[in-house]
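Novice: Build the 3D model from these lines:
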Amino acid sequence: MDPETAGGAAERHLIRYSGKAAFTSEVIARAAGTSVFTESGRELLDFTSGQMSAILGHSHPAIVATVREQVAHLDHLHSGMLSRPVIDLSRRLAESLPDPLEKALLLTTGAEANEAAVRMAKLVTGRHEVVSFARSWHGMTQAAANATYSAGRKGYGPAAPGNFALPVPDRFHPEIVDADGSLDWRRQLDMGFDLIDAQSVGSLAACLVEPILSSGGVIELPPGYLAALARKCRERDMLLILDEAQTGLCRTGDWYAFEAEGVVPDILTLSKTLGAGLPLAAVLTSAEIEQRAHDLGFLFFTTHVSDPLPAAVGNTVLDVLVRDHLDKRARDLGAALRDGLDELATRHEVIGDVRGRGLLLGVELVGDQVLGEGGADRLGAAVTRRCFDLGLHMNIVQLPGMGGTFRIAPPLTASDDEIARGVAILDQALTDAVRGL
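Specialist: Residues are numbered from 1 along each chain as shown. Take a look at the predicted model:
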């Protein structure tokens, strides 16, 4: 099928699921390493790791070998049966984490993991209210969607009662400032919980947050914030749930982003990076919380819980991360990428901020200041298109009143040359897009 025919078939037969965003203009035929290739033969550097998931790049030889072997040996079981890959992965995840996180539930997607975590928190606490950030993204299923505020809330009827939004501590767009004009996140956090306490019916169960808000604009929590948030939770007997779908497993230069703050959550959710592109997710918690949930009859029995095939892939992902020291690689490669982006910011006045950690970085455009009202949105779309034309796939988050922020998350296996090439393409795309507007 030629590209034009394929595009026509997509338009006729696919349900569009990305809001107002369009599908890419070309059909992807294959992928390898840090690149995807279109049916027309064009190569695109993949600076989003697929859907922020393929931390080992595409078609990694170790993953390919595991899938081939495991699918021929043991792929799917009744959900009450256990296999060696599931037992091994649960143990290895627990060993990679600080105490008391030692119990694992293996699922498929980040939304499903967050669903299970919230369900467990409600059962264990006997309460129902959930707090999350006002620019959060935790998934599209019921509890996850109710805790998601960055998009998708309007037009679907009433949300579940008891969901509260917490202000985002955005240092580039500070809502509450101190005497120096910097973000006063302590006062912001206090005021946020004052409002939550006023609205609560006395049934606060959990706080579900990302250590770095990705879809919220790559917002890294200020130093000390996560510890202060944990204290707020303890004061109210709430459970702290950390969603590390995008930040877990070396992406930020640490095995888990929360390690940088020395804060251990009550429940941790993993997905995307755990399967390196395949559908695998996990919920991890303490033996105490798991026992309490079990005593109360915790039920999360799904078709693909504890499936052996994705669990085998998860074990291989851990093997490669350890063998190739990819936590250090993420720090080193992230520093090189950050240097390149910072240098672009000195030459392109439409770059307002460069932020993030390891290989999860954000570049915020401020085109309104240069191109007038709405300029950042137009510029973001134009730069994204031009990057695509020049051979670079980029993802831009556009939130109301904020312009656009590129989420840059190449595979941890990218080469130094590929990082440099991606920065050079972004440089050219910024130049061309500004000239064209």
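
Novice: Please count neighbours and contacts with C-alpha atoms only from this point.
Specialist: Fine.

Novice: Tell me how far the helix or strand where Lys103 lies lies from the chain's centre.
Specialist: Per DSSP states H and E, Lys103 falls inside strand 101-107. In terms of Cα atoms, centre = their mean, to the nearest Å, the centre of strand 101-107 is set 19 Å apart from its chain centre.

Novice: From the contact counts, what lies against it?
Specialist: Contact here means 3 or more Cα pairs under 8 Å, 6 or more residues apart in numbering; DSSP states H and E; on that basis strand 101-107 packs against helix 84-95, strand 281-286, helix 287-295.

Novice: In the sheet, which strands lie alongside that strand, parallel or antiparallel?
Specialist: Applying DSSP bridges, strand 101-107 is found paired with strand 281-286 (antiparallel).

Novice: Can I get the strand it pairs with in PDB? Just the C-alpha atoms.
Specialist: Output of strand 281-286 as PDB, limited to C-alpha atoms (Å, rounded to 0.1, in the frame of the first residue of the first chain):
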ATOM      1  CA  ALA A 281       3.600  -1.900  34.600                       C
ATOM      2  CA  ALA A 282       4.100  -2.500  38.300                       C
ATOM      3  CA  VAL A 283       2.700  -1.400  41.700                       C
ATOM      4  CA  LEU A 284       5.100  -1.600  44.600                       C
ATOM      5  CA  THR A 285       4.400  -1.100  48.300                       C
ATOM      6  CA  SER A 286       5.300  -2.300  51.700                       C
END
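
Novice: Just the angle for that strand relative to helix 84-95, thanks.
Specialist: Comparing the axes of strand 281-286 and helix 84-95 via axes from the mean of the first three to the mean of the last three Cα atoms, to 10 degrees yields an angle of 50 degrees.

Novice: Show me what strand 281-286 is in contact with.
Specialist: 94, 99-110, 112-114, 116-117, 266-272, 274-275 (Cα atoms under 8 Å, 6 or more residues apart in numbering).

Novice: Average pLDDT for stretch 49-59, rounded please.
Specialist: Average pLDDT, stretch 49-59: 97.

Novice: can you list the residues that contact that stretch?
Specialist: Contacts of stretch 49-59 (Cα under 8 Å, 6+ apart): 31-35, 246, 251, 272-277, 317, 409-414.

Novice: just stretch 410-427 next, same as before
Specialist: So stretch 410-427 is contacted by 33-34, 45-49, 54-57, 251, 326, 329-330, 333, 336-337, 340-341, 344, 359-360, 383, 387, 390-392 (Cα under 8 Å, 6+ apart).

Novice: Could you pick out which of these are located in strands?
Specialist: Per DSSP state E, strands hold the following members of the contacts of stretch 410-427: Leu45, Asp46, Leu360, Leu392.

Novice: one step back: so of the helices and strands packed on strand 101-107, which one's packed in deepest?
Specialist: Each of those was scored by mean neighbour count; the highest is strand 281-286, a mean of 25, by mean count of other Cα atoms under 10 Å.

Novice: tell me the angle that one makes with helix 287-295.
Specialist: Computed by the same axes, to 10 degrees, the angle separating strand 281-286 from helix 287-295 equals 110 degrees.

Novice: pLDDT below threshold where in the protein?
Specialist: Residues of the chain that meet the criterion pLDDT under 70 lie in 1-7, 399-403.

Novice: spatially speaking, which residue is in the middle of it?
Specialist: Gln246 (3.1 Å; Cα atoms, centre = their mean).

Novice: Look up phi and psi at it.
Specialist: Dihedral angles of Gln246 (phi, psi; degrees, to the nearest 10) stand at phi -100, psi -20.

Novice: didn't Val36 look like it was pressed against Arg30?
Specialist: Yes: the pair Val36 and Arg30 passes the contact test of Cα atoms under 8 Å, sitting 6.0 Å apart.

Novice: Settle it for me: which of these two has more neighbours?
Specialist: Legend: neighbour count by other Cα atoms under 10 Å for Val36 and Arg30, higher for Val36 (23 against 14).

Novice: what's that one in contact with, if anything?
Specialist: Ile28, Ala29, Arg30, Glu43, Leu44, Leu45, Asp46.

Novice: which among those residues gets closest to Asp178?
Specialist: Distance ranking of the contacts of Val36 against Asp178, using Cα to Cα, places Asp46 first at 40.0 Å.

Novice: How many residues are close by that closest one?
Specialist: Asp46 has 31 neighbouring residues, counting by other Cα under 10 Å.

Novice: what's across from it in the sheet?
Specialist: Beta-bridge pairing for Asp46 (DSSP bridges): His393.

Novice: right, and it touches Phe37 too?
Specialist: No: the pair Asp46 / Phe37 is not scored as a contact, 9.8 Å apart, by Cα under 8 Å.

Novice: quick one, what contacts the nearest residue to Leu359 once chain neighbours are set aside?
Specialist: Once flanking residues are discounted, Leu359 sits nearest to Gly334: 4.7 Å by Cα to Cα, 6 or more residues apart in numbering. Listed by Cα under 8 Å, 6+ apart, the contact partners of Gly334 are Arg357, Gly358, Leu359, Leu360.

Novice: Can you report phi and psi for the third one?
Specialist: I take that to be Leu359. Torsion angles, degrees, to the nearest 10, at Leu359: phi -100, psi 40.
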